[in-house]
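Engineer: Build me a model from this:
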Amino acid sequence: MRPKHYQHGGIEPIDYIQANDMNFCAGNVVKYVTRYPYKSGLDDLKKARQYLDFLIETEIKRIDKLQTPVRLPGHTDSRRQAALERKFKT
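Structural biologist: Predicted structure coming up:
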């Protein structure tokens, strides 16, 4: 039996989440935004915002890792190092 707060919109959030291979945090954003008018209102929106903030933090960390300049151990060519740093500068 489906909970009443998920019986709107023609698709259950879990079906959408699984069909789109969403991670835990993204899935919770969908879940809480979908049910907020029918269950916990503002509390559900706050929960969705918290999980969205987690996603944003994770994405920022992922992007920062990609943009970190490569430092070669023992490498003394400062022109090469400067070029790498310019390439990865945001």
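Engineer: Quick check: closest non-adjacent residue to residue 27.
Structural biologist: residue 17 (4.0 Å; Cβ to Cβ, 6 or more residues apart in numbering). Bear in mind the C-beta positions are built from the backbone N, C-alpha and C, glycine included.
Engineer: and the gap between that neighbour and residue 39?
Structural biologist: 17 Å (Cβ to Cβ, to the nearest Å).
Engineer: can you check residue 13 too?
Structural biologist: 12 Å.
Engineer: helices or strands up against the longest helix anywhere in the chain?
Structural biologist: In the chain, assigned by DSSP state H, the helix with the most residues is helix 42-66. Judged by 3 or more Cβ pairs under 8 Å, 6 or more residues apart in numbering; DSSP states H and E, helix 42-66 is in contact with helix 24-35.
Engineer: Sort out which residues of the helix it packs on are buried, please.
Structural biologist: 25-35 (16 or more other Cβ atoms under 10 Å).
Engineer: Let me see the mean pLDDT of that helix.
Structural biologist: For helix 24-35, mean pLDDT is 96.
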